[in-house]
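Student: Show me the folded form of this:
(2 chains, ligands or ions: 2)
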Amino acid sequence: MTNSELNRFKDKAFQGFGIFCTFIGLIVLAIFLINILIDGLGRIDWEFLNNLPSRRAHRAGIYTAWIGTLWILVLSSVVAFPLGIAAGVYLEEYGKKSRIANFLEVNISNLAGVPSIIYGLLGLEIFGRVFGLGGSLLTGALTLALLMLPIIIVTTREAIKAVPRSIRDASFALGASKWQTIWFQVLPASFGGILTGVILALSRAVGEAAPLIVIGALAYVPFAPTSPLDEFTVLPIQIFNWISRPQAAFATNAAAAIIILLLITFILNGIAVYLRNKWQKKVKW
Amino acid sequence: MSKKPYKLEARNLNAYYGGFHALKDINIAMEEKAVTAFIGPSGCGKSTFLRTLNRMNDYIDGFRVEGDILLDGRDIYNKDIRVDELRKEVGMVFQKPNPFPKTVFENVVYGLKIQGIKDKKVLAEAAESSLRKTALWEEVKDKMDKSALALSGGQQQRLCIARALAISPSVVLMDEPTSALDPISTAKIEELIYELKNDYTIVIVTHNMQQAGRVSDQTAFFYMGELVEYAKTKTMFTSPKHERTQNYITGRFG
Ligand SMILES: Nc1ncnc2c1ncn2[C@@H]1O[C@H](COP(=O)(O)OP(=O)(O)OP(=O)(O)O)[C@@H](O)[C@H]1O
Ligand SMILES: [Mg+2]
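Tutor: Numbers count the residues shown, from 1 in each chain, chains lettered A, B, ... in the order given. Ligands and ions are numbered 1, 2, ... in the order given. So this is what the prediction gives:
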């Protein structure tokens, strides 16, 4: 074999190896999905979505769970969205050299690596006990907001960093202040990226059970919450609860609930991808 | 003999990027409503000097100036000068066209909007008159609410000039405004500079000797951070005083 033939062979071999690796991941995912779909798809109907929990598997529904999940999603993003973006803007645009900023930066990277159950303990102590919010939706949402913050801060910074120098120069040269430049140019131009980060953070939060179990979210909540101070449950907890029961019928319920949870996650990710593409098309440098 | 008053003056100006001495003892006076060209080899400090004239270097860590820059006799590095006010007086056009990723209209009126002007009629009139000044109005009047990024490179650059003119500066700084453009767009911008001279004081950095010859009244030749020669363009191009200038103009180095 000549040298170039050998290189071409290596090239091919590596390509094959890459495809093989990709497929392993996809196949495992596909097997899992098919399994869940076979188990649970038949169980999903209007009643399942609208029934309250019950000790009898065939009458139990996920109404309280998905309403709880929705509440949690909205509340935690209301908290995490402005805080995370503001923190990202501060760190990227203002606090560049200061010692506080350096200190914050290291700690934010650390936070991103903290296991979610630790956030649960933090939330339990601070929001649940010190603030006296107990096992309410608000405690859960604030706890998950903490969990989302590092992701949002990091993506906000990345998105802001991607706005080219030339756009800022143009704005400054026209007499804009730093704040005007950030508000009218930098944030709009990086909004797609920021939003993508927020949604990815949300889709992570929506699947969390551990921190919510720690703060005392219940598996059995007889009524759907109507205010942020109500007790609640969410889909992952409901799934966890059903899975841990011995009866096969509950396993079917769990599979059905998993499908709904996956659906929510896919929709969120889909929105993220859509927004990213839309903004990328609009903002070209 | 009464001379035209000087619009911009640098006196004993030194500039540093940290420990690097980028501009060395520059003394220059530029006339009002004239075009001054800065020429010189790459890295000699043309952009640095241009950007000190509207304090765009303020954002660079470690950058510092000594000496004075006078605009209409007032030192622009004085403490009680507001940078945003200064930049309303001294506009700037960059090397690469850099329109905002917004509509044509939003681009032109941005400088007015951030001053708090909201009146739709005022904005629309200002947009039209600035676009007419840059001979762009006929080309874009039907595209006012289309993205500025959809314009050609030459149109984008003229849009950037219009955007700078919209806030009625008296000085316009241009840093190699045609180096990213095709010959036809370049010719249009040179024509435009010639027109604008009637109302504005223009300072232009260029690597193109013919361009300097065509558009400027005065030319300043920089070399390694120093102002080597400053004279009427005609004089400099026909009989430069310094050998360096001669060599540079004739293309023997640089
Ligand atoms: N932000 C910066 N930090 C440090 N040094 C810089 C910075 N910008 C420019 N310099 C240095 O200052 C000197 C002058 O740079 P300047 O950009 O003014 O040159 P120029 O004459 O405009 O060159 P060109 O024709 O290539 O645009 C160069 O040696 C450059 O390396
Ligand atoms: Mg330059």
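Student: Helix, strand, or coil at the residue nearest the centre of chain B?
Tutor: Note on chain B: the residue nearest the mean C-alpha position is residue B:173, at 1.4 Å, using Cα atoms, centre = their mean. Classification of residue B:173 using DSSP: H, G, I helix; E, B strand; the rest coil returns strand.
Student: again with residue A:208
Tutor: Per three-state DSSP, residue A:208 ends up coil.
Student: Look up the closest residue to it, ignoring the ones flanking it.
Tutor: With Cβ to Cβ, 6 or more residues apart in numbering or on different chains as the measure, residue A:116 is the residue that lies nearest to residue A:208, at 5.5 Å, once sequence neighbours are left out. (C-beta placed from N, C-alpha, C; glycine too.)
Student: Can you show me the helices along chain B?
Tutor: Listed in chain order, the helices of chain B (DSSP state H) span B:46-52, B:83-89, B:104-113, B:120-133, B:137-140, B:153-165, B:183-196, B:209-215, B:233-238, B:243-249.
Student: Mean neighbour count for these - can I get that in CSV?
Tutor: Shown next, in CSV, are the helices of chain B (neighbours: other Cβ atoms under 10 Å in any protein chain shown):
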stretch, mean neighbour count
helix B:46-52, 23
helix B:83-89, 17
helix B:104-113, 24
helix B:120-133, 16
helix B:137-140, 16
helix B:153-165, 25
helix B:183-196, 17
helix B:209-215, 19
helix B:233-238, 16
helix B:243-249, 18
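Student: Among those helices, which comes closest to residue A:72?
Tutor: Closest approach to residue A:72 among the helices of chain B is made by helix B:104-113 (38.1 Å; Cβ to Cβ).
Student: State the mean pLDDT of that closest one.
Tutor: The average of the pLDDT scores along helix B:104-113 is 96.
Student: Send me that helix as PDB with only the CA atoms.
Tutor: Coordinates of each C-alpha in helix B:104-113 appear next as PDB, following Å, rounded to 0.1, in the frame of the first residue of the first chain:
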ATOM      1  CA  VAL B 104     -32.200  50.000   7.200                       C
ATOM      2  CA  PHE B 105     -34.400  52.600   8.900                       C
ATOM      3  CA  GLU B 106     -33.400  51.500  12.400                       C
ATOM      4  CA  ASN B 107     -29.800  51.800  11.400                       C
ATOM      5  CA  VAL B 108     -30.000  55.300  10.200                       C
ATOM      6  CA  VAL B 109     -32.000  56.600  13.200                       C
ATOM      7  CA  TYR B 110     -30.200  54.700  15.900                       C
ATOM      8  CA  GLY B 111     -28.100  57.700  16.900                       C
ATOM      9  CA  LEU B 112     -31.200  59.900  17.200                       C
ATOM     10  CA  LYS B 113     -33.200  57.300  19.000                       C
END
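Student: List the beta-bridge partners for the nearest residue to residue B:28 once chain neighbours are set aside.
Tutor: Of all residues not flanking residue B:28 in the chain, residue B:10 sits nearest, at 5.1 Å (Cβ to Cβ, 6+ apart). Each beta-bridge partner of residue B:10 is listed here: residue B:28, residue B:69, as defined by DSSP bridges.
Student: Do I have it right that residue B:10 meets residue B:25?
Tutor: No. Residue B:10 is beyond contact range of residue B:25, at 9.7 Å (criterion: Cβ atoms under 8 Å).
Student: okay, these two: which has more neighbours?
Tutor: Counted by other Cβ atoms under 10 Å in any protein chain shown, residue B:10 and residue B:25 do not tie: residue B:10 has more neighbours, with 22 against 15.
Student: For chain B, which residues are neighbours of ligand 1?
Tutor: Applying Cβ under 6 Å from any ligand atom, we find that chain B lies next to ligand 1 at B:17, B:20, B:22, B:40, B:42, B:43, B:44, B:45, B:46, B:47, B:48, B:60.
Student: Quick check: what element follows the longest helix seen in chain A along the chain?
Tutor: Ranked by number of residues, the top helix in chain A under DSSP H is helix A:3-40. As assigned by DSSP states H and E, the chain's next helix or strand after helix A:3-40 is helix A:46-50.
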